[in-house]
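Student: just to be clear, the model below is a prediction. Sequence and coordinates:
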Amino acid sequence: MFVVRLMFVSLFVHQVMSSGSGRHSLWMFATYISGTTLSEFSVVLMLDDIQVGYFDSKIDRLVRVSGQRAEEAEHNPLQEAVFLLREMFNSMRERLEIVKHRFNLTAAGVHVQQRLTGCEVLEDGQPALIMIRDGSNGQDADSLMYNTTHFTYNGCDSWEWSASKRMHTHMLCSNIYMPFCTRVLNYLLDREKNLVRRRVPPRVRFMTKQVVGGARVTCLATDFYPRHINLTLLRDGTPVDEDKLTGGSVLPNGNGLYQVRKGLMVSEEELQRKHNYTCVTSHLSLDNRLEVSWRAEFSRSHRIYIISAPAGLMLAAVLLMVLLWWRRRRSEGIAMETQEQQERLTVNKETD
């Protein structure tokens with residue numbers, strides 16, 4: 001299951017990163033598993049980067065993330081989507097049987113068929129593209145994409161399509177799949193507009209850490225939405241080469257927001273020159289660029305000295321000898337005080 005989820009994450013990140021900020025997307029991540037007692041078929045429904053629904057073959061219904069059943073109002077496109085998901089279940093089950101037969105896979109054991117399918121619309125709600133991508137046992141099988149003007153299909157040699165099948169699939173995409181997916185997507189955009197259309201500005205700050213030979217400077221932008229952001233690190237007003245930076249990937253924050261960081265190693269020589277570093281951030285939530293600056297300051301505190309192994313052993317031996325000497329002197333002092341107290345007690349008794 002971990003492998004299945006990992007594949008979903010990689011596919012989803014690829015699709016989100018490839019989508020521009022002026023688009024919205026609806027993706028269904030479907031998994032069919034044979035040879036297991038788990039749910040045979042499950043689907044995760046994603047609106048942009050937000051999970052809005054879940055379906056599996058055991059409950060046989062679409063459930064909202066909040067645990068509520070999808071609305072049952074008349075002409076609700078989500079209820080119509082349930083019929084499509086059932087059809088997808090049968091299609092993927094048949095597809096996996098064909099895969100096992102064609103590639104001589106043993107019937108026993110666990111086999112997995114996966115599908116990523118969905119569509120994108122422009123900011124004004126107009127359809128942009130629809131895509132279907134299949135995989136079997138962790139390997140890509142084939143994929144197709146349709147964007148109202150172009151239809152492309154990519155598959156391995158064993159999955160050659162005839163001209164009639166290509167025409168039939170083209171007709172399904174243009175007349176059924178694209179209009180229906182666009183309708184569901186626009187419906188969800190209206191229902192979840194407070195989430196997907198929100199604008200949360202980033203919090204940007206510099207972080208510095210002393211390391212051997214200098215310091216590491218990190219520019220961090222966190223707690224922003226949507227995920228599309230431009231983060232640039234400048235040195236005295238000039239962009240630092242990307243190959244000298246570490247990080248740069250936009251990551252989830254765990255609270256529905258995102259974070260990104262870029263780090264730069266600054267040597268002691270660079271610190272002595274006292275360059276001015278600026279972190280420049282552009283985001284949909286900002287009217288203007290957000291800039292945060294930090295000026296390098298060199299001091300002996302940036303130097304971190306490393307003691308060699310022989311010197312370290314010698315220093316430890318000296319410290320041990322000092323400790324033993326101190327304990328011995330302390331013990332001798334305590335013994336002398338005890339003896340003096342006994343002598344005073346003896347004198348007092350004789351006097352009495």
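Tutor: Arrived safely. Numbers count the residues shown, from 1 in each chain.

Student: ok, the nearest residue to Ser267 once chain neighbours are set aside - contacts?
Tutor: Spatial nearest neighbour of Ser267, chain neighbours left out: Gly214 (4.3 Å); criterion: Cβ to Cβ, 6 or more residues apart in numbering. Just so you know, the C-beta spots here come from the backbone N, C-alpha and C atoms, and that holds for glycine as well. Gly214 makes contacts with Met265, Val266, Ser267, Glu268, Glu270, Leu271, His302, as judged by Cβ atoms under 8 Å, 6 or more residues apart in numbering.

Student: quick one, helices of this structure?
Tutor: Applying DSSP state H to the chain gives helices spanning 2-18, 77-102, 163-172, 178-191, 193-196, 268-273, 309-351.

Student: what mean pLDDT does the first one have?
Tutor: When you say that, I think you mean helix 2-18. Averaged across helix 2-18, the pLDDT comes to 44.

Student: do stretch 120-137 as well
Tutor: Stretch 120-137 comes out with an average pLDDT of 84.

Student: buried ones in it?
Tutor: For stretch 120-137, the neighbour count (16 or more other Cβ atoms under 10 Å) marks 120-121, 127-137 as buried.

Student: cool, stretch 134-153 as well?
Tutor: For stretch 134-153, by 16+ other Cβ under 10 Å, it's Asp134, Gly135, Ser136, Asn137, Ala141, Asp142, Ser143, Leu144, Tyr146, Asn147, Phe151, Tyr153.

Student: next up, the contacts around the residue most central in space within the chain.
Tutor: By Cα atoms, centre = their mean, the chain has its centre lying nearest to Leu251, at 4.2 Å. By Cβ under 8 Å, 6+ apart, the residues touching Leu251 are Tyr258, Gln259, Val260.

Student: per-residue pLDDT of the closest residue to the first one other than its chain neighbours, please?
Tutor: The spatially closest residue to Tyr258, leaving aside those adjacent along the chain, is Arg227, at 4.7 Å (Cβ to Cβ, 6+ apart). Among the per-residue scores, Arg227 shows a pLDDT of 90.

Student: and Val266, by the same measure?
Tutor: Per the predicted model, pLDDT is 90 at Val266.

Student: verify the stated contact: it with Ala215.
Tutor: Yes. Using Cβ atoms under 8 Å, Val266 is in contact with Ala215, at 5.1 Å.

Student: between those two, what contacts are shared?
Tutor: By Cβ under 8 Å, 6+ apart, Val266 and Ala215 have these common neighbours: Ala296.

Student: how close does the closest residue to Thr281 other than its chain neighbours get to Ser282?
Tutor: Excluding its sequence neighbours, the residue lying closest to Thr281 (Cβ to Cβ, 6+ apart) is Leu290, at 4.4 Å. From Leu290 over to Ser282 the distance is 8 Å, taken as Cβ to Cβ, to the nearest Å.

Student: which one's more surrounded, these two?
Tutor: For the pair Leu290 and Ser282, the greater number of neighbours falls to Leu290 (18 against 14), based on other Cβ atoms under 10 Å.

Student: report the separation between that one and Thr246.
Tutor: Plainly put, Leu290 is 21 Å away from Thr246 if you go by Cβ to Cβ.

Student: likewise Asn194?
Tutor: Noted for Asn194: a distance of 36 Å to Thr246, by Cβ to Cβ.

Student: so where do the strands sit in the stretch 1-150 of the chain?
Tutor: 23-34, 41-47, 50-56, 61-64, 111-122, 127-136, 139-146 (DSSP state E, counting those that start in this stretch).

Student: which one of the ones you listed lies nearest to His168?
Tutor: His168 lies closest to strand 139-146 among the strands of the stretch 1-150 of the chain, at 12.0 Å (Cβ to Cβ).

Student: what packs against the closest one?
Tutor: On a contact count with 3 or more Cβ pairs under 8 Å, 6 or more residues apart in numbering; DSSP states H and E, strand 139-146 meets strand 127-136, strand 151-155.

Student: verify the stated contact: Ser267 with Gly213.
Tutor: Yes. Counting by Cβ under 8 Å, Gly213 is a contact partner of Ser267 at 6.0 Å.

Student: quick one on the thing from earlier: next, the residue nearest to Tyr258: phi, psi?
Tutor: phi -80, psi -20 (degrees, to the nearest 10).

Student: neighbour count winner among Asn194 and Thr246?
Tutor: Thr246 (11 against 7).

Student: who does that one bridge with?
Tutor: Beta-bridge pairing for Thr246 (DSSP bridges): Gly263.

Student: His111 now?
Tutor: Bridge pairing for His111 - DSSP bridges - gives Ser34.

Student: give me the neighbour count for it.
Tutor: Neighbours around His111, by other Cβ under 10 Å: 19.

Student: next one: His24
Tutor: His24, neighbours per other Cβ under 10 Å, totals 22.

Student: from Tyr187, how far out is it?
Tutor: 12 Å.

Student: hang on, the earlier thing: the strands of the stretch 1-150 of the chain: which one's closest to Trp325?
Tutor: Shortest distance between Trp325 and the strands of the stretch 1-150 of the chain, using Cβ to Cβ, is found for strand 50-56: 67.4 Å.
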